[in-house]
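Asker: below is the sequence, then the predicted model.
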Amino acid sequence: MMLLPKQSRMTMAGITVACSLFLVACSPKETVQLNLIPLPAQFTVADGFFKADSAAVFSTEKPANVHFVVDKSLGGNPEGYQLTVNDKGIDLKAATETGLFYGEQTLRQLFTPQGFPYVSIQDEPRLKYRGLHLDVSRHFFPKEEVFKLLDVMSFYKLNNLHFHLTDAGGWRIQMDKYPKLTTETAFRTESDWRKWWDGKDRKYLPEGTPGAYGGYYTKDDIREIVAYAASKHINVIPEIEFPGHSEEVLFAYPELSCSGQLYKNGDFCIGNPKSFTFMEDVLDEVIELFPSEYIHAGGDEAGKGAWKTCSKCQALMKKNGMKSVDELQSYMIHKAEEHLISKGRKLIGWDEILEGGLAPEATVMSWRGESGGIKSARMGHDVVMTPGNYMYLDFYQADPKTQPYAIGGYTPIKKVYSYNPVPVDSLTAEESKHIIGVQANTWTEYITNEKHLEYMMFPRALAVAEIGWTPQEKREWNDFKPRMNAHISKLQQMGINTFTLSDELEVTMSVDTVKKQIEVFLDAEKYPAEIRYTTDGTVPTASSALYDGVIVVKDSAYVKAAIFRNGQLQGAPTEKKVDYHRAINKSIHYNSKLYPGYMAGGMNALIDGYRGGLTYLDGRWQGYLNDLDCVIDMEEVTDIHKVSARFMQLIGPGVYQPASVELLTSEDGTNFTSQGIIPTTISNKDADLSFQEYLFQGDWKARYVRLKADEANKGFIFVDEIVVW
Ligand code: ACM
């Protein structure tokens with residue numbers, strides 16, 4: 001916790017009086033002082049500290065004026081607690097042991113060298129499910145790492161670990177009835193996913209092969225993990241993948257695949273009754289190890305291709321009158337659910353389990369956006385929201401240029417924090433009750449070791465913790481930011497190799513077509529941050545303009561901005577070209593096809609003044625699956641000197657530079673003259689995120705400005721703005 005200078009503590013005392021009079025949660029100033037994550041539902045702060053030895057407070061032999069009490073008669077939310085610290089001591093009450101545990105975590109976070117600050121807290125979670133998912137298949141993490149994560153999760157009141165134990169990367173849990181799962185497919189030739197999977201050099205190796213990469217948890221390891229988690233009030237949900245993502249199973253037991261051949265299929269053969277014997281046997285052993293009410297049966301990304309030509313699968317479809325292979329997937333998940341229910345458990349699965357008919361009582365994890373979750377909630381099914389664009393911690397958290405290789409995407413902590421798992425515009429209050437929680441997922445294809453895992457998870461997981469716990473109306477980025485910064489050192493004290501936040505700045509714009517100007521806003525993850533900037537493209541120095549909340553651009557600016565600490569520029573400056581250019585507010589038409597999913601700001605996205613950022617998913621980049629050919633109407637014949645357009649490349653998801661970009665102009669809209677063709681300078685093999693600006697300069701008289709970009713790679717092309725001067 002930060003020690004406040006005397007003066008600001010006096011300010012705080014003044015506010016405290018106002019707060020406690022009205023019994024409302026206090027102002028951000030006090031929140032900064034408390035540095036609690038997640039922020040409690042209700043709290044007030046008073047001036048002063050109760051001095052006590054923290055070791056004694058958290059021991060079983062507490063000082064006389066410290067009371068921790070479980071009182072069932074308190075009722076209310078079973079995870080809630082009441083905490084009072086004043087000159088008389090510490091009074092912590094809860095209706096359950098779990099509530100008491102969470103109160104204790106709050107106290108741990110409150111402790112400072114001066115003692116425990118005087119507070120009165122009434123707390124309970126917003127959502128009952130607050131989860132982190134961990135993929136131990138693509139990379140195996142020893143149980144000690146899992147214990148460490150459980151410690152940190154409990155400190156932030158996260159209560160579910162979704163343990164992704166099986167997938168093509170390797171089977172990770174000992175099974176008595178199917179020993180080959182671990183003796184044959186828990187180890188592989190290569191640790192590096194880019195070589196092993198992407199490079200199609202995929203081979204499993206028997207356990208004990210010298211140099212083999214992998215591992216698995218014995219049943220005793222699992223019992224230890226589950227018991228340790230329970231001691232931290234965390235439930236562990238095992239995930240066993242059906243019917244897809246099962247390459248490793250089908251290597252160990254090829255008779256469960258449609259082809260019967262090694263390294264050929266990823267989905268179980270649904271027409272083979274042995275697949276169901278396997279599923280039930282495995283689930284039985286899993287149930288015995290995990291007390292979790294929910295058992296995750298996967299369900300995501302089944303290829304389904306082999307089912308179309310497999311005689312057994314086709315016979316099953318015919319027998320049951322199934323019209324599509326989706327119904328085969330649904331058939332297996334229904335069977336999994338029936339089995340789990342017969343054992344007193346519940347099935348949870350990825351949102352693909354909606355396809356072909358949702359199992360009657362299934363709970364759905366919505367990962368492909370929110371639509372699966374919304375649909376499920378409307379059908380009366382419980383939902384955990386975990387949409388990729390917000391909740392995937394394997395995505396980049398800063399500019400990929402500065403980061404270890406990741407799967408793609410871009411979810412900096414501010415984006416994560418902005419997520420509200422209850423889509424209030426799409427669901428009624430009654431339907432919203434089915435949104436039981438939120439979860440962040442850490443897939444580990446490109447995460448190679450424990451340090452790297454922690455780096456991707458933290459501090460973003462702290463944003464997830466607050467989303468799940470704190471009332472939505474009390475969450476605010478500017479309030480979270482200083483607390484999150486203060487927790488970086490707490491994470492480090494817990495031995496976590498956290499990302500220490502970016503020196504990059506977030507740049508947002510507001511285009512004002514009445515005042516004919518663009519307001520530019522800068523934001524830093526780091527706090528406090530002295531931000532200085534220039535608008536002429538030069539590198540800012542310690543004497544450049546100090547950012548004071550907005551930069552107003554009336555014509556053309558090349559903003560470069562950076563954080564300064566002790567007069568030194570931190571990291572690399574953040575750059576943004578900003579133009580209130582002459583095509584803004586004009587009209588555009590397209591000779592080529594638009595792609596409905598990537599319309600960005602709509603029909604006028606290319607001439608709306610808004611530039612895109614580092615991801616083509618930020619709503620500013622317009623994407624096309626074909627050539628782009630568009631014409632801007634300047635409304636009258638105009639002197640034009642400069643036209644530019646910027647394209648992005650990120651070949652992982654199939655986004656390429658155009659082969660070339662051509663500018664044409666016309667006075668009448670019929671006869672166009674080419675003013676030049678600029679080829680790309682970026683190789684279509686270059687896997688790094690890159691941008692190219694195609695700039696045409698000249699002296700033209702034209703009413704119509706036409707831009708043609710030539711898609712040459714059977715992928716997408718993306719452009720954010722056509723700038724006309
Ligand atoms: C997933 O990301 N395949 C659930």
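Answerer: The structure has been received and is ready for your questions. Residues are numbered from 1 along each chain as shown.

Asker: and the closest residue to His381 other than its chain neighbours, what does it touch?
Answerer: Leaving aside its chain neighbours, His381 sits nearest to Val364 (5.7 Å; criterion: Cβ to Cβ, 6 or more residues apart in numbering). The C-beta positions use only the backbone N, C-alpha and C, and glycine is treated the same way. Counting by Cβ atoms under 8 Å, 6 or more residues apart in numbering, Val364 makes contact with 348-351, 353-354, 358, 372-373, 376, 381-384.

Asker: helices - which of those land there?
Answerer: Gly372, Gly373, Ser376 (DSSP state H).

Asker: separation between the last one and Gly597?
Answerer: Distance of Ser376 to Gly597, given as Cβ to Cβ, to the nearest Å: 22 Å.

Asker: higher neighbour count, these two?
Answerer: Using other Cβ atoms under 10 Å, the more surrounded residue of Ser376 and Gly597 is Ser376, with 24 against 8.

Asker: quick one: the closest residue to the more buried one other than its chain neighbours and the ligand, what's the gap?
Answerer: Nearest residue to Ser376, sequence neighbours excluded (Cβ to Cβ, 6+ apart): Val364, at 4.1 Å. Distance of Val364 to the ligand, given as Cβ to the nearest ligand atom, to the nearest Å: 12 Å.

Asker: who does the nearest residue to Asp300 once chain neighbours are set aside bridge with?
Answerer: Distance criterion Cβ to Cβ, 6+ apart; nearest residue to Asp300, sequence neighbours excluded, is Trp350 at 3.6 Å. Beta bridges link Trp350 to Met365 when assigned by DSSP bridges.

Asker: check contacts around Trp350.
Answerer: If you count contacts by Cβ under 8 Å, 6+ apart, Trp350 has them with Gly298, Gly299, Asp300, Glu301, Val364, Met365, Trp367.

Asker: ditto for Val119
Answerer: Counting by Cβ under 8 Å, 6+ apart, Val119 has contacts Leu34, Phe43, Thr44, Val45, Ala46, Leu83, Thr84, Val85, Leu110.

Asker: what is the helix or strand harbouring the second one packed up against?
Answerer: Element membership of Phe43, judged by DSSP states H and E, is strand 42-50. Counting by 3 or more Cβ pairs under 8 Å, 6 or more residues apart in numbering; DSSP states H and E, the packing neighbours recorded for strand 42-50 are helix 6-22, helix 28-34, strand 81-86, strand 116-123.

Asker: for Ala712, list the residues it contacts.
Answerer: Applying Cβ under 8 Å, 6+ apart, the residues contacting Ala712 are Tyr656, Pro658, Ala659, Asn684.

Asker: which one of the residues in the stretch 351-500 of the chain is closest to the ligand?
Answerer: Trp367 (4.4 Å; Cβ to the nearest ligand atom).

Asker: just the pLDDT at the residue nearest to that residue when sequence neighbours are not counted, thanks.
Answerer: Among residues not flanking Trp367 along the chain, Thr386 sits closest, at 5.2 Å (Cβ to Cβ, 6+ apart). Listed pLDDT for Thr386 reads 98.

Asker: interface residues of the chain facing the ligand?
Answerer: Counting by Cβ under 6 Å from any ligand atom, the chain comes close to the ligand at Asp300, Glu301, Trp350, Trp367.

Asker: can you give me the strands in the stretch 151-300 of the chain?
Answerer: In the stretch 151-300 of the chain, the segments counted as strands under DSSP state E, counting those that start in this stretch are 160-164, 187-188, 204-205, 213-214, 235-242, 294-298.

Asker: any low-confidence regions in this protein?
Answerer: Residue ranges of the chain with pLDDT under 70: 1-33.

Asker: where is the longest strand in it?
Answerer: Scanning the chain for the strand with the most residues, using DSSP state E, yields strand 628-649.

Asker: residue of this structure closest to the ligand, please.
Answerer: Residue of the chain nearest the ligand, by Cβ to the nearest ligand atom: Asp300 (4.0 Å).

Asker: quick one on the thing from earlier: looking at the contacts of Ala712, which two lie furthest apart in space?
Answerer: The largest separation in these, counting by Cβ to Cβ, is between Pro658 and Asn684 at 10.3 Å.

Asker: okay, these two: which has more neighbours?
Answerer: Pro658 (26 against 13).

Asker: which non-adjacent residue is nearest the more buried one?
Answerer: The nearest residue in space to Pro658 (Cβ to Cβ, 6+ apart) is Ala709, at 3.8 Å.

Asker: that neighbour touches Phe647, doesn't it?
Answerer: Yes - in this structure, Ala709 is within contact of Phe647 by Cβ atoms under 8 Å, at 6.9 Å.

Asker: name the residues contacting each of those two.
Answerer: Pro658, Val661, Ile717, Val719.

Asker: before we move on, back to that, buried stuff in the strand holding Phe43?
Answerer: Across strand 42-50, burial judged by 16 or more other Cβ atoms under 10 Å covers Gln42, Phe43, Thr44, Val45, Ala46, Gly48, Phe49, Phe50.
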